[in-house]
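K.L.:
Dropping a prediction and its sequence here:
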Amino acid sequence: MTAQQAVGLLVCLAAATPAAVPAQLPFTAACDVKPGNFLVNSGVLYLQTAATTKFEDQRAKALKDAARVLTQAVTSGGQEKNGAAWYWMGRYDLMAHDLVGADTALTKARTLVPKCEDDISLRRREAWVPLFNGGVQAWQAGKNDSAIASFRRANGIYQAEPMGLIYIANLFATTNQTDSAVKYFRLAVLAASDPKYAKERRDSFLNVALSYHGAQRYDEAQGAYREYLATYPGDVQALANLGSLYLKAGKRDSAMALYTQVADHADSADAEQLFVAAQVLVNAVPEAPDSSAVISRCATARKKRTPVLTPRQIAARCEPGAADSMRQFHAIADPQYRLAAKAYRAGLNKNPYAREALYNLAGISFLTGDSSPQLPLAQRLYAIDPLNKTTIAALVRAWGINGKKDSVLHYLQVADTLSAEVVVSTFTPTEKGATLSALVTNSRTKPSAPFTLTFEFLDPKGTVVATQAQDVPTVAPNAPQTVAVKVEWAGIVAWRYRR
């Protein structure tokens with residue numbers, strides 16, 4: 001698992017629909033700003049000609065004349081404090097595609113003529129939209145450098161909406177340019193002041209900390225998490241991630257205090273946030289000591305002593321030490337595992353069909369010696385993902401713990417006769433639907449027969465809202481076959497399949 005995966009980076013990789021291009025704004029000043037000077041008035045007339053002529057040579061000449069008289073107005077013409085002069089200078093710069101000049105001129109105009117603020121914002125957005133859309137299209141085509149260049153230009157003229165800032169921040173974050181990513185995530189937080197951007201604001205704020213965390217800049221990440229939690233005190237992912245950093249820094253009591261809060265705030269978190277937090281808790285568990293290595297080192301040391309000890313005497317002296325090291329490990333690990341299990345259970349209450357959460361919770365129950373939930377968890381897992389050998393192994397283990405030898409033998413035979421294993425590798429729910437990809441592998445010596453997989457997609461209540469059958473052709477031995485499925489239905493959170 002990468003550092004980015006461990007901390008859940010990034011929580012809001014921008015996938016918004018490109019902004020619509022607005023209808024061309026009329027060549028007037030909506031705020032009714034008066035030129036107040038013959039040079040400014042001449043500039044307006046030249047700009048109107050440039051905007052309305054059908055001939056490129058006339059347009060170029062009109063723009064050149066507008067630049068001349070408007071520049072004269074704000075320099076030697078005594079109109080440097082005339083808001084209309086700067087407003088129309090900004091309009092000229094927009095038409096000339098000089099966004100830096102437009103930003104400077106329109107900023108001065110807004111200060112001098114406050115009533116024009118809304119009009120100026122509309123003009124800025126009119127220039128921003130095509131640049132933003134160009135950046136999105138470049139990003140979708142995998143042309144990151146072009147995307148960054150487009151978003152930079154777009155954000156230079158308009159920052160009243162956060163999406164352009166979020167896109168470029170994510171591009172920098174995924175290319176390990178942490179300082180640039182943090183800069184733009186913080187700008188997105190400021191830009192998302194409108195309540196309709198509450199989610200974008202929160203995600204961008206958290207991504208400041210996640211960017212530092214993914215880059216292993218842990219001191220800065222701690223500060224950013226604390227800053228974020230001061231505003232969003234119950235965020236389970238931030239609590240879990242900050243706890244993992246405290247644990248790394250040797251602050252175990254502080255870490256456990258935060259870990260305890262994760263499940264306490266389960267009601268305010270969605271299922272995926274709880275699953276991410278639970279996995280952070282699991283990742284923070286120290287590695288178990290190797291008992292055989294402990295015994296081997298002890299035995300080697302004992303053999304060098306005199307009088308020479310017998311193997312039984314060596315075992316009697318060395319095995320308690322290994323057992324003690326395991327007791328110390330469990331004293332530290334088990335409380336963390338139990339907190340992770342609590343977070344997984346809380347998440348599964350909200351999304352009972354999350355395959356990875358069921359599998360991980362079953363594994364935690366085994367590690368902590370909690371046998372009672374293992375069989376029902378394994379059976380739920382098998383109902384979702386029956387052709388996966390790790391699923392079958394979990395079911396075999398659960399039946400074995402329950403002493404059901406016949407069931408153990410049955411599912412061992414199921415695994416042994418499996419002609420094609422199915423492993424769902426990606427599942428991506430969106431606002432409009434979901435995509436899923438799976439790998440079908442034939443580990444036998446003969447080609448598998450063609451078959452059909454029927455995928456069912458579920459909403460949070462477990463209702464099947466979309467179904468898609470996928471034909472799987474003959475799979476040659478050791479030759480994996482990729483299966484891709486896409487469905488459109490709002491609210492999908494989980495999947496299952498049957499053969």
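P.N.:
Noted; the coordinates are in hand.
K.L.:
Could you report the neighbour count for Asn478?
P.N.:
The number of residues packed near Asn478 is 10, by other C-beta atoms under 10 Å. From N, CA and C alone the C-beta is placed, and that goes for glycine too.
K.L.:
Could you do the one 10 residues further on as well?
P.N.:
When counting by other C-beta under 10 Å, one arrives at 10 neighbours for Glu488.
K.L.:
Which residue comes closest to it once chain neighbours are left out?
P.N.:
Gly433 (3.8 Å; C-beta to C-beta, 6 or more residues apart in numbering).
K.L.:
How about Phe455?
P.N.:
Using C-beta to C-beta, 6+ apart, the nearest residue to Phe455 is Tyr497, at 4.8 Å.
K.L.:
The one you found sits in which helix or strand?
P.N.:
Assigned by DSSP states H and E, Tyr497 belongs to strand 494-498.
K.L.:
Direction included, what does that strand pair up with?
P.N.:
Using DSSP bridges, strand 494-498 pairs in its sheet with strand 451-458 (antiparallel).
K.L.:
Next one, pLDDT for Arg124 please.
P.N.:
Looking at Arg124, its pLDDT is 94.
K.L.:
returning to what we had before: hmm, who's touching the strand holding Tyr497?
P.N.:
351-355, 383-387, 422, 424, 427, 434, 436, 453-458, 462 (C-beta atoms under 8 Å, 6 or more residues apart in numbering).
K.L.:
same deal with stretch 399-413?
P.N.:
Contacts for stretch 399-413 (C-beta under 8 Å, 6+ apart): 366, 371, 374-375, 378, 392, 395-396.
K.L.:
What about the residues you listed, which are in helices?
P.N.:
Among these, the residues falling in helices (DSSP state H) are 366, 374-375, 378, 392, 395-396.
K.L.:
Quickly check these for the two that are furthest apart.
P.N.:
Phe366 and Ile392 (15.1 Å; C-beta to C-beta).
K.L.:
if you count what's nearby, which of these two comes out ahead?
P.N.:
Ile392 (22 against 18).
K.L.:
residue contacts, the closest residue to that one other than its chain neighbours?
P.N.:
Nearest residue to Ile392, sequence neighbours excluded (C-beta to C-beta, 6+ apart): Ala415, at 4.6 Å. By C-beta under 8 Å, 6+ apart, the contact set of Ala415 is 389, 392-393, 396.
K.L.:
try Gly101
P.N.:
Gly101 makes contacts with 89-90, 93, as judged by C-beta under 8 Å, 6+ apart.
K.L.:
that's a helix at it, yeah?
P.N.:
Yes. Counting by DSSP: H, G, I helix; E, B strand; the rest coil, Gly101 falls inside a helix.
K.L.:
buried ones in the strand holding Tyr497?
P.N.:
By neighbour count on 16 or more other C-beta atoms under 10 Å, the buried set for strand 494-498 is 494-497.
K.L.:
Serialize those residues to CSV and add fields for distance to Gln481 and pLDDT.
P.N.:
As requested, those are exported to CSV (distance: C-beta to C-beta, whole Å; pLDDT from 0 to 100):
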residue, distance to Gln481, pLDDT
Ala494, 23, 96
Trp495, 18, 97
Arg496, 20, 97
Tyr497, 15, 97
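K.L.:
follow-up on the earlier one: for the contacts of Ala415, which entry has the maximal number of neighbours?
P.N.:
That'd be Ile392 among the contacts of Ala415, by other C-beta under 10 Å, with 22 neighbours.
K.L.:
I'd say that one and Tyr382 touch.
P.N.:
Yes. With contact defined as C-beta atoms under 8 Å, Ile392 counts as touching Tyr382 (7.3 Å).
K.L.:
hang on, the earlier thing: just the ones in strands from the contacts of strand 494-498, please.
P.N.:
Among these, the residues falling in strands (DSSP state E) are 422, 424, 427, 434, 436, 453-458.
K.L.:
which of the residues you listed count as buried?
P.N.:
Buried among the ones in strands among the contacts of strand 494-498 by 16+ other C-beta under 10 Å: 422, 424, 427, 434, 436, 453, 455-458.
K.L.:
so which of the residues you listed comes closest to Gly164?
P.N.:
Nearest to Gly164 among those: Ala434, at 26.7 Å, using C-beta to C-beta.
K.L.:
Tell me who's in contact with the closest one.
P.N.:
427-428, 457, 466, 486-487, 489, 492, 495.
K.L.:
Need the residues you listed in a markdown table (columns: distance to Thr49).
P.N.:
Converted to a markdown table, the contacts of Ala434 look like this (distance: C-beta to C-beta, whole Å):
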| residue | distance to Thr49 |
| --- | --- |
| Phe427 | 57 |
| Thr428 | 52 |
| Phe457 | 58 |
| Ala466 | 56 |
| Lys486 | 51 |
| Val487 | 54 |
| Trp489 | 53 |
| Ile492 | 55 |
| Trp495 | 61 |
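K.L.:
Could you single out the nearest of the residues you listed to Ala127?
P.N.:
Thr428 (33.2 Å).
K.L.:
Find the residue closest to that closest one in space, skipping its chain neighbours.
P.N.:
Nearest residue to Thr428, sequence neighbours excluded (C-beta to C-beta, 6+ apart): Thr435, at 4.9 Å.
K.L.:
where exactly do the strands run in the chain?
P.N.:
Under the criterion DSSP E, strands of the chain are mapped to 421-429, 433-441, 451-458, 464-472, 481-488, 494-498.
K.L.:
Dump the ones you listed to a markdown table, plus distance to Ile157.
P.N.:
Shown next, in a markdown table, are these (distance: least, C-beta to C-beta, whole Å):
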| stretch | distance to Ile157 |
| --- | --- |
| strand 421-429 | 33 |
| strand 433-441 | 34 |
| strand 451-458 | 41 |
| strand 464-472 | 41 |
| strand 481-488 | 35 |
| strand 494-498 | 42 |
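K.L.:
Among those strands, which comes closest to Leu247?
P.N.:
Going by C-beta to C-beta, the one of these nearest Leu247 is strand 421-429, 29.9 Å.
K.L.:
Alpha carbons of that closest one, as CSV, please.
P.N.:
Taking Å, rounded to 0.1, in the frame of the first residue of the first chain, the C-alpha atoms of strand 421-429 are listed here in CSV:
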residue,chain,number,x,y,z
GLU,A,421,-11.4,-17.4,-10.3
VAL,A,422,-13.0,-13.9,-10.3
VAL,A,423,-11.2,-11.0,-8.6
VAL,A,424,-12.9,-7.6,-8.7
SER,A,425,-10.0,-5.2,-8.9
THR,A,426,-11.7,-1.8,-9.1
PHE,A,427,-15.2,-0.5,-8.2
THR,A,428,-15.9,3.2,-8.7
PRO,A,429,-19.3,4.6,-7.8
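K.L.:
so it versus strand 494-498, what angle?
P.N.:
150 degrees (axes from the mean of the first three to the mean of the last three C-alpha atoms, to 10 degrees).
K.L.:
Run me through the strand neighbours of strand 421-429, direction for each.
P.N.:
Sheet pairing of strand 421-429 (DSSP bridges) gives strand 433-441 (antiparallel).
K.L.:
Can you point out the buried residues in the partner strand?
P.N.:
Using 16+ other C-beta under 10 Å as the test for burial, strand 433-441 gives 433-434, 436, 438, 440-441.
K.L.:
okay, the angle between it and strand 464-472?
P.N.:
Using the same axes, to 10 degrees, strand 433-441 lies at 30 degrees relative to strand 464-472.
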